[in-house]
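[1] below is the sequence, then the predicted model.
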Amino acid sequence: MNKILIIAPHADDEILGCGGAISYYKKNRFDIYIAIMTNANKGNPDLYSEKFISKLRSESLKAHKYLGVKQTLFYDYPAPNLDQYPIAKISFEIEKLIKKIKPVKLFIPHIGDSHVDHQIIHKAALVASRPILKSNNISILAYETLSETEWGPKKYNLSFVPNYFILLNADQVNKKLNAFRCYKSQVKKYPHPRSLKNIKNLSTYRGGNISHEYAEAFMLIREIIK
């Protein structure tokens, strides 16, 4: 069976960026794997308690079970200061994961996101997925994360300009919203970007970009046609 691997810097990024895609590919009989790379308690224990991280990870598992995710993997890299951690170590772990899972598609955060953790994970994933081995002949797509991607720097040509769209139906959008509802600690009130209303608004906006009702948008970084 074909496999998809989603790399998320923090718990909830995977639903915000790929919640619709998960439903789409699950319907098409793909196995979905999600790797959540950081543990904020390791990087800032004064702000993020072990109890909070445990609750957040329970929310992740609930959301992923709802969407039919095959496996969730948690790592303990120190958010929110990955720029102070050796990126080679992160890349090595992602490379091992790619070799083990052998996905046909790899979803990673966008390089232009405002959060430095997203930028580090993007770079580490690209190093890990260099097309050196046959197992790395995979499609790589960058996803957008509300309140990160749209707030990133614009003057360095790092804007999110989607060139790859996955059409969604109303049921898939609702599943994305329901999955995000599982993240009770992360849901915000409208008009915050991470409110349920604005998550749906983005699906509508991206659908409108291509004259459809709903869609999720990505930037295709590399695709190798076999």
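    On my side now, so go ahead. Residues are numbered from 1 along each chain as shown.

[2] show me where this protein has its helices.
    13-27, 40-43, 50-67, 87-101, 116-128, 170-181, 196-209 (DSSP state H).

[3] for Y33, which of those is the nearest?
    helix 87-101 (5.4 Å; Cβ to Cβ). C-beta: built from backbone N, CA, C; applies to glycine.

[4] and H10, how many residues sit next to it?
    24 (other Cβ atoms under 10 Å).

[5] partners of the nearest residue in space to it that is not next to it in sequence in the sheet?
    Spatial nearest neighbour of H10, excluding adjacent residues (Cβ to Cβ, 6 or more residues apart in numbering): T38 at 5.7 Å. Partner residues in beta bridges with T38, using DSSP bridges, are Y77.

[6] low-confidence regions, this structure specifically.
    Flagging of the chain using pLDDT under 70 yields the residue ranges 134-136, 154-157.

[7] rewinding a little: nearest to Y75 among the helices of the chain would be which one?
    Comparing those by Cβ to Cβ, helix 87-101 comes nearest, at 6.6 Å.

[8] so which bits of the closest one are buried?
    Neighbour counts over helix 87-101 (16 or more other Cβ atoms under 10 Å) mark I90, S91, E93, I94, E95, L97, I98, I101 as buried.

[9] run through who's touching it.
    3, 5, 7, 33, 35, 37, 73, 75, 77, 82, 106, 120-121, 123-125, 127-129, 133, 135-136, 138 (Cβ atoms under 8 Å, 6 or more residues apart in numbering).

[10] residues contacting E150?
    E144, F160, P193.

[11] adding distance to E216 and neighbour count, write those out as CSV.
    Shown next, in CSV, are the contacts of E150 (distance: Cβ to Cβ, whole Å; neighbours: other Cβ atoms under 10 Å):
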residue, distance to E216, neighbour count
E144, 8, 23
F160, 12, 19
P193, 15, 18
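
[12] so which residue of this structure lies furthest out from the middle?
    The C-alpha centroid of the chain is most remote from D46, which lies 26.0 Å away (Cα atoms, centre = their mean).

[13] centre of the chain to stretch 184-194, how far?
    17 Å (Cα atoms, centre = their mean, to the nearest Å).
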